[in-house]
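Chemist: got a predicted model here, sequence first, then my questions.
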Amino acid sequence: MVSHVGRNVREIVLRLCEDAATPRATTVAILLRHEEWDQLASLEVDPALYDNADRLRRDAAVTSLLRKCQDLPTTIDRRAKAVESFWGSESQCYQSNERLSPYLFGGGDERIDRVLRSMRKKVARILGPVPDFLTEARFGPGATYADKGTLATVPDKMSSRPTLTPSSFPHLLEWVGTAWARACANDGRGPEFVRGNRFTTVPKDCTKDRGICIEPSINVYFQLGIGAHIRERLRRVGIDLRNGQATHERVAREASISGSFATIDLSNASDTICSNLVKLLLPRKWHDLLCSLRSEFTSIDGKWVRLEKFSSMGNGFTFELETLLFLVACLTAVESTDVYAGIPGVDVYVYGDDMIVPTDAAPEVISLLRFLGFTPNVKKTFTTGWFRESCGGDFFRGAAVRPHFLKELPREPQDFIRLSNGIYRLVKRDVGRISGLSFAFRAWLRVHDAIPSSIRRCRGPESLGDLVIQDDRPDLWSTRSRRSIRYFRTYRAVAVRRLSWEHWKPDVVLASGLYGLGDGSRGRVGQRDAGGVTPRNPILSYKLGWTPLS
């Protein structure tokens, strides 16, 4: 019987299980052969049960390769899981709002009130004064309330009727000064008021979808400006969100050796930021600004729901706001131990809901987070043992043990190249180089059987990414030199779909050019012969070619 996951992928996974040679690998192989997809998707690895990195790496590799694959044919209603999570988060926010409500009016426990006042002072110091205007207001890459599907490029958004919530009406004065507004006025497209955002889902893994909320276009335009401003204020105090992931990986690796830091992760963090918490902690003018641009209602399954949460995934400032709130919570809890000064980027590291705090202060941090209405994810929170995880970095006593996740089933050569490179990283983590003694080496070779021989010759160093099959054996690289520049044989995207500017009216083209779109090498944006706009998922085809590497 040919597996639903495809013969090639089936054999690659089975080969990986043979390479791993552990009891967990045997379990995965049996479930795969019998197509027990639901059981396969539910398997997990608990790092606390391991005493060495090699065994953990092997079990994580076989357990996780297919666990996040969106194409795995489980019987789970993934959208229903996302909807259930939405309502669960709203219920949790309602309880948090009720618990925090007394503190809005000077009531509640005096000790907790002191903690909240300390957090409020930190927030005010980090944020500073409210900006007079949002210089970095911008469009995001995704859809808006009225711009759906593939019609979500910047000129598409400038061509549709703008949408906004009633509370964001004061920002129209700032909006009418933009070229976007002038293009709308010339075309007779006045802004349309909508009640709030709309709920939708996007694929997450084979057991559930991720719920997000699509914001009105004018709202999200200014939300992103607020997010950029908060991001800059955080950078000034030592939290650099641009390079935060690399920093977290480094600190997590060191913590897995020393045990001096704990890593904390939350469940549904952004969806459980309740409204009263933001009202309690933010200065009034900042709270009023964010409230004016948030969506107070969500349209879900044909009905409007008044939100208990303050903002959700899809809001342009949610990530920065949650980073700020978790940062001040961690700092306040850490300072309460009277051991640490509570210095961002030294004692405390925060990136979204990924938090790294001193291990002996972790109980206080977790206790405060729980009171504020958040739920630590016990499967991804590590305060003891030799394992630490943060921002995509998994480490056991300093060794990288992060598995490779196959998000979609590979079908084309470029897909198998990405899979090959994912397994290659597992191989290198084993002994530091490719060899027949490496774990997963045979599975790595089996991936190459699914790649045409002409493309299989495209090998090169890791610095070329997925343009090549990564290989640390230079004698297998296909190269040529010209004018002292080394070129590598690669398999790269060549047919990239670009939408001609002729699709849009001149006012929209001009507004897009002023916004910053356009490539001088392809012509000026306002001209008929300009290169046009690259939409989402623009790649149409791949072909063999030569890529320089300096």
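Modeler: That came through fine. Numbers count the residues shown, from 1 in each chain.

Chemist: alpha carbons of stretch 30-46, in PDB - could you do that?
Modeler: What follows is stretch 30-46 as a C-alpha-only set of coordinates in PDB (Å, rounded to 0.1, in the frame of the first residue of the first chain):
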ATOM      1  CA  ILE A  30       5.300   1.200  13.100                       C
ATOM      2  CA  LEU A  31       2.800   4.000  13.200                       C
ATOM      3  CA  LEU A  32       3.900   5.200   9.800                       C
ATOM      4  CA  ARG A  33       3.700   1.700   8.200                       C
ATOM      5  CA  HIS A  34       0.100   1.400   9.500                       C
ATOM      6  CA  GLU A  35      -0.800   5.000   8.600                       C
ATOM      7  CA  GLU A  36      -1.800   5.800  12.200                       C
ATOM      8  CA  TRP A  37      -1.700   9.500  11.500                       C
ATOM      9  CA  ASP A  38      -3.500  10.800  14.600                       C
ATOM     10  CA  GLN A  39      -1.200   8.800  16.900                       C
ATOM     11  CA  LEU A  40       1.900   9.900  14.900                       C
ATOM     12  CA  ALA A  41       0.800  13.600  15.300                       C
ATOM     13  CA  SER A  42       0.300  13.300  19.000                       C
ATOM     14  CA  LEU A  43       3.800  11.900  19.800                       C
ATOM     15  CA  GLU A  44       6.000  14.200  21.800                       C
ATOM     16  CA  VAL A  45       9.400  14.200  23.400                       C
ATOM     17  CA  ASP A  46      10.000  15.200  27.000                       C
END
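
Chemist: what's in contact with it?
Modeler: With contacts defined as C-beta atoms under 8 Å, 6 or more residues apart in numbering, stretch 30-46 is touched by 1, 3-5, 10, 13-14, 17, 24, 27-28, 56, 59-60, 63-64, 66-67, 72-76, 205-207, 379. Every residue, glycine included, has its C-beta placed from N, CA and C.

Chemist: ok, how many other residues are close to residue 346?
Modeler: 10 (other C-beta atoms under 10 Å).

Chemist: and it, what does it touch?
Modeler: Residue 346 neighbours (C-beta under 8 Å, 6+ apart): residue 238.

Chemist: just say helix, strand or coil for it.
Modeler: coil (DSSP: H, G, I helix; E, B strand; the rest coil).

Chemist: next one: residue 297 from residue 306, what distance?
Modeler: 6 Å (C-beta to C-beta, to the nearest Å).

Chemist: of the two, who's got more company?
Modeler: With neighbours defined as other C-beta under 10 Å, residue 297 and residue 306 compare such that residue 297 has more, 16 against 10.

Chemist: wait, isn't the more buried one in contact with residue 195?
Modeler: Yes: in this structure, residue 297 is within contact of residue 195 by C-beta atoms under 8 Å, at 4.8 Å.

Chemist: which residues do those two both contact?
Modeler: residue 304.

Chemist: on that earlier part again, just the buried subset of the contacts of stretch 30-46, please.
Modeler: When the contacts of stretch 30-46 are checked for burial by 16 or more other C-beta atoms under 10 Å, the buried set is 3, 5, 10, 13-14, 17, 24, 27-28, 56, 59-60, 63-64, 66-67, 72, 74, 76, 205-206.

Chemist: from those, which land in strands?
Modeler: Among the buried ones among the contacts of stretch 30-46, none falls in strands (DSSP state E).

Chemist: for the stretch 151-300 of the chain, which segments count as strands?
Modeler: Applying DSSP state E, counting those that start in this stretch to the stretch 151-300 of the chain gives strands spanning 163-164, 192-193, 197-203, 209-214, 261-264, 266-267, 297-300.

Chemist: for the last one, which strands pair with it and how are they oriented?
Modeler: Paired strands of strand 297-300, with direction, are strand 197-203 (parallel), strand 303-306 (antiparallel) (DSSP bridges).

Chemist: for the residue nearest to residue 409 when sequence neighbours are not counted, grab phi and psi.
Modeler: Spatially, and ignoring its direct neighbours in sequence, residue 409 is nearest to residue 71 (4.4 Å; C-beta to C-beta, 6 or more residues apart in numbering). The phi/psi pair for residue 71 (degrees, to the nearest 10) reads phi -90, psi 0.

Chemist: kindly give the local confidence score, pLDDT, for residue 71.
Modeler: At residue 71, the predicted lDDT confidence score is 88.

Chemist: so it touches residue 408, yeah?
Modeler: Yes: using C-beta under 8 Å, residue 71 and residue 408 qualify as a contacting pair, with a distance of 5.7 Å.

Chemist: neighbour count for these two, which is higher?
Modeler: Legend: neighbour count by other C-beta under 10 Å for residue 71 and residue 408, higher for residue 71 (17 against 13).

Chemist: just give me the neighbour total for the residue nearest to residue 462 when sequence neighbours are not counted.
Modeler: Using C-beta to C-beta, 6+ apart and skipping the chain neighbours, the partner closest in space to residue 462 is residue 470 (5.1 Å). By other C-beta under 10 Å, 24 other residues sit near residue 470.

Chemist: phi, psi of residue 470?
Modeler: According to degrees, to the nearest 10, residue 470 has phi -70, psi 130.

Chemist: quick one: contacts for it?
Modeler: Residue 470 neighbours (C-beta under 8 Å, 6+ apart): 420, 421, 424, 459, 460, 461, 462, 464.

Chemist: by neighbours, which of those residues wins?
Modeler: Most crowded among the contacts of residue 470, counting by other C-beta under 10 Å, is residue 420 at 26 neighbours.

Chemist: now do the SS call for that residue.
Modeler: helix.

Chemist: narrow the contacts of stretch 30-46 to those in helices?
Modeler: 10, 13, 14, 17, 24, 27, 28, 56, 59, 60, 63, 64 (DSSP state H).

Chemist: can I get the residues you listed in TSV with distance to residue 292?
Modeler: Shown next, in TSV, are the ones in helices among the contacts of stretch 30-46 (distance: C-beta to C-beta, whole Å):
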residue	distance to residue 292
10	54
13	51
14	56
17	55
24	52
27	54
28	51
56	49
59	50
60	45
63	46
64	43
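
Chemist: and the two most separated of these?
Modeler: 10 and 56 (24.7 Å; C-beta to C-beta).

Chemist: any buried residues in the helix or strand of the chain with the lowest mean pLDDT, and which?
Modeler: Among the helices and strands of the chain, helix 506-515 carries the lowest confidence by mean pLDDT, DSSP states H and E, at a mean of 84. Of all the residues in helix 506-515, those buried under the rule 16+ other C-beta under 10 Å are 507, 508, 509, 510, 511, 512, 513, 514, 515.

Chemist: ok, now which ones touch the nearest residue to the first one once chain neighbours are set aside?
Modeler: Just to be clear, that refers to residue 507. Of all residues not flanking residue 507 in the chain, residue 183 sits nearest, at 3.9 Å (C-beta to C-beta, 6+ apart). Going by C-beta under 8 Å, 6+ apart, residue 183 touches 158, 159, 505, 507, 508, 510, 511.
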